[in-house]
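> Have a look at this prediction, sequence included:
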Amino acid sequence: MKRTIFYIITGTAVILSLTACKVKTDTTAAMATMPENATGVRFKTLDYLYRISGTKTIAGIHNREPNASPARWTEEIYKTTGQYPGLWSGDFLFQEENIANRSLMIEEAIRQWEKGAVINIMWHACNPAFEQPCDWNNGKGVLSNLDDAQWNELITDGTALNIRWKVMMDEVAVHLNVLKKHGVEVLWRPLHEMNQGKFWWGGRPGENGTRKLYQITHDYLTHTKGLTNLIWVWNVQDFPNLATDVNLYNPGDTYWDVATLDIYDQSGFTPEKYSIMAGVAGDKPIAIGECGKYPTAAQLEAQPKWTFFMGWSELVYEKNTEEDLRELLANERVLTLDQLQGWNGYKSTK
């Protein structure tokens, strides 16, 4: 079964045929019709998310540490299901060995992009008030706090903490620029779970809270560092006060391109959570930024605007049976790597 969609561009009709079992995109037509992001840049990735919203969802997996094995969980999914996920995710991380191996993670991102995968990268950053590298949870690591005076210093341009944060951004910008030079578009998800108070950057609602730091981070990497290959992902977690949080932590429409929700609450993929995210995103794409338990095919059918889901590494195997994984990735609504052939100009090569 085929559906034919007409796009009229400066008087010229471009015809795209989409099959029911997979989505194929003509690269020339896609380039002509891509929506611009908030900074006026056109992305194949963003265009693809707009195209599949409401009909398809890309299967994804995060590859947590070590960065020395940046495709470990992607390969695990393949061993289990015989299918590679359509979305690969990596992390700049915070430990000494993982910071040292960031370049290996970036090389894997390039390989995955050239296989035809969608690329997602996040950053569990060290607290700029303390040392880097850092630990996870020793009071001075990723799970740590800034007092109000330190926070105000961080978001005030030219102060010591503000400069320290920019130096840390300089370090990851070097790697993001490598991706830019290779033509790799990145779903970039910094300061994730903004309403999560355990991270040093999170849990500060309001105008000068976490969203202010997100705005500073966006402007520095986009305008100062010139990273025009970043698709900005705004992310919150599914706490009971989600309906309020999406307003208190929203950095503003001009600062993000995709809104994502991390689903860890035992209530799971409720219609209420979906409705809240769809409502705050408006016409922009939404996705499941992280989860342990994958959504079922029935849930994706009932909540069709989720454009991708990203499972959290080992939690996927704790929360799903192997049969669950095989059935989900075989479903016609779910896009694996093989079904993404040609969307970004590359064809899948296992």
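Received the coordinates, thanks. Numbers count the residues shown, from 1 in each chain.

> so where's the stretch 51-200 of the chain shaky on pLDDT?
Judged by pLDDT under 70, the stretch 51-200 of the chain has no weakly predicted residues.

> Would you map the strands across it?
In the stretch 51-200 of the chain, the strands defined using DSSP state E, counting those that start in this stretch lie at 57-62, 87-91, 118-122, 186-189.

> just checking, Lys212 touches Ile155?
Yes: counting by C-beta atoms under 8 Å, Lys212 touches Ile155, with 5.0 Å between them. (C-beta placed from N, C-alpha, C; glycine too.)

> could the strands of the stretch 51-200 of the chain be laid out in CSV, adding mean neighbour count?
What follows is the strands of the stretch 51-200 of the chain, written out as CSV (neighbours: other C-beta atoms under 10 Å):
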stretch, mean neighbour count
strand 57-62, 27
strand 87-91, 27
strand 118-122, 26
strand 186-189, 26
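
> Surely Gly342 and Gly116 touch.
Yes: with contact defined as C-beta under 8 Å, Gly342 reaches Gly116; the gap is 7.2 Å.

> who's more crowded, the two?
Between Gly342 and Gly116, Gly116 has the larger neighbour count (other C-beta atoms under 10 Å), namely 21 against 14.

> if I look at that one, how far off is Thr45?
To Thr45, Gly116 is 11 Å away according to C-beta to C-beta, to the nearest Å.

> re the thing from before, export the strands of the stretch 51-200 of the chain to JSON lines and tack on distance to Tyr264?
What follows is the strands of the stretch 51-200 of the chain, written out as JSON lines (distance: least, C-beta to C-beta, whole Å):
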{"stretch": "strand 57-62", "distance to Tyr264": "13"}
{"stretch": "strand 87-91", "distance to Tyr264": "16"}
{"stretch": "strand 118-122", "distance to Tyr264": "15"}
{"stretch": "strand 186-189", "distance to Tyr264": "16"}
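
> Nearest to Ala68, out of those?
Closest to Ala68 of the strands of the stretch 51-200 of the chain is strand 87-91 (C-beta to C-beta; 11.9 Å).

> strand partners of the closest one, parallel vs antiparallel please.
Here strand 87-91 has these sheet partners by DSSP bridges: strand 57-62 (parallel), strand 118-122 (parallel).
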